[in-house]
Each structure stands twice: as C-alpha cells, then as structure tokens.
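Peer 1: Mind folding the following:
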Amino acid sequence: MTTHPAKRPLKERLSKTFLARFMARRSLGARFDRVPEKLHRTANQLSLGLELIDDFRSRRYREIPWGSLAILTGALLYTVNPADILPDAFLGLGSLDDAIVIAVAMKLIRPQLEAYCAFKGYAWEDYFGTSLKKLPSASLKSGPVLVQPVGAGV
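Peer 2: Numbers count the residues shown, from 1 in each chain. Below is the predicted model:
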C-alpha cells in the first residue's frame with residue numbers, strides 16, 4: 001500500500017525534492033561544459049565567413065547564394081553597429097545579443113560554409129566539430145558503406 005505524497009514525512013519529501021533539483025542542476029552543468037567548445041567552433045566559423053566574404057569580393061569564390069551572403073553580411077554589420085538591441089555598454093550582456101546573432105547566422109548558412117571549407121581544402125573538424133558525423137547504429141551493423149562520387153559513371 002502506498003501512501004499519499006502529502007502524508008509522507010517532511011524529511012522524505014524534502015530529500016526527494018532536493019535530489020530532483022540537484023540532478024536538474026547537474027544535467028544543466030553538463031550542458032554548460034560544452035559551451036567553450038561551441039564558442040570556439042563558432043569563432044572559427046566566423047573567421048571562415050570573413051574569409052568567404054573576402055574571396056567573394058575578390059571574385060575567387062562565387063558559389064554562395066545571395067540570401068546566405070546577405071545573412072552573413074547582415075550579422076557582421078549588426079555586431080559592429082553600436083545601436084543594437086543590448087548596447088555594448090552593458091558589461092557582459094552587451095555582447096550577448098551579438099554572439100547570439102552570429103551563432104544563428106552561422107547555423108543558417110552552415111551548408112555554404114561547409115562547401116567553402118571544402119573549396120579551400122581546410123580540415124572540416126577545425127570548423128564544424130568531429131570528423132566523423134554520427135551514423136545511425138543500424139548502418140554501423142550492416143557493414144561498410146560504399147560511396148560513389150557524383151558524376152562518376154556506373
């Protein structure tokens with residue numbers, strides 16, 4: 001027979017509540033452990049984006065859609081503009097909106113950044129994480145996967 005939760009002793013109810021809050025904070029802390037890695041990766045993507053704009057201006061690379069170029073350029077202009085949502089005078093918070101805008105822009109144009117990274121011959125993992133993308137576990141059990149380049153004859 002189980003007792004109603006309100007009828008359990010106060011010590012037991014508080015310990016379960018405390019344990020639940022502790023575990024929630026612990027998992028939140030685990031998410032924050034990856035923040036420096038993600039910030040470093042976003043900074044690398046930003047430098048790749050700046051290089052992409054430079055190569056676009058000098059006509060060395062033209063394989064980027066206008067919309068993606070506008071997103072990248074708009075995000076960069078937003079970060080250097082002193083009149084943004086949170087002024088940079090607010091210490092700590094002033095750069096937060098700039099970082100969010102850059103991160104969202106990098107996420108939106110990621111396929112174009114990946115294509116540019118391949119065009120330049122840079123290591124993919126330096127800009128986008130690990131070199132192996134996660135595969136479904138079923139594909140790992142089925143054996144090797146053969147990949148044929150696009151345009152190759154059958």
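Peer 1: what's the burial count for residue 114?
Peer 2: Neighbours of residue 114 under the rule other C-beta atoms under 10 Å: 15. Every residue, glycine included, has its C-beta placed from N, CA and C.
Peer 1: how about it, what does it touch?
Peer 2: Shown in contact with residue 114 (C-beta atoms under 8 Å, 6 or more residues apart in numbering): 124, 128.
Peer 1: Mind doing that once more with 10 Å?
Peer 2: By C-beta atoms under 10 Å, 6 or more residues apart in numbering, the contact set of residue 114 is 45, 48, 124, 127, 128.
Peer 1: following the host helix or strand of it, which helix or strand shows up next?
Peer 2: Per DSSP states H and E, residue 114 falls inside helix 110-120. Counting by DSSP H and E, the element after helix 110-120 in chain order, helix or strand, is helix 124-128.
Peer 1: what's the average pLDDT for that next one?
Peer 2: Mean per-residue pLDDT for helix 124-128: 88.
Peer 1: Next: stretch 55-63.
Peer 2: Across stretch 55-63, pLDDT averages out at 94.
Peer 1: One more: stretch 81-94?
Peer 2: Across stretch 81-94, the average pLDDT comes to 72.
Peer 1: For burial, what's the neighbour tally of residue 78?
Peer 2: 16.
Peer 1: What helix or strand is it located in?
Peer 2: Assigned by DSSP H and E, residue 78 belongs to helix 66-80.
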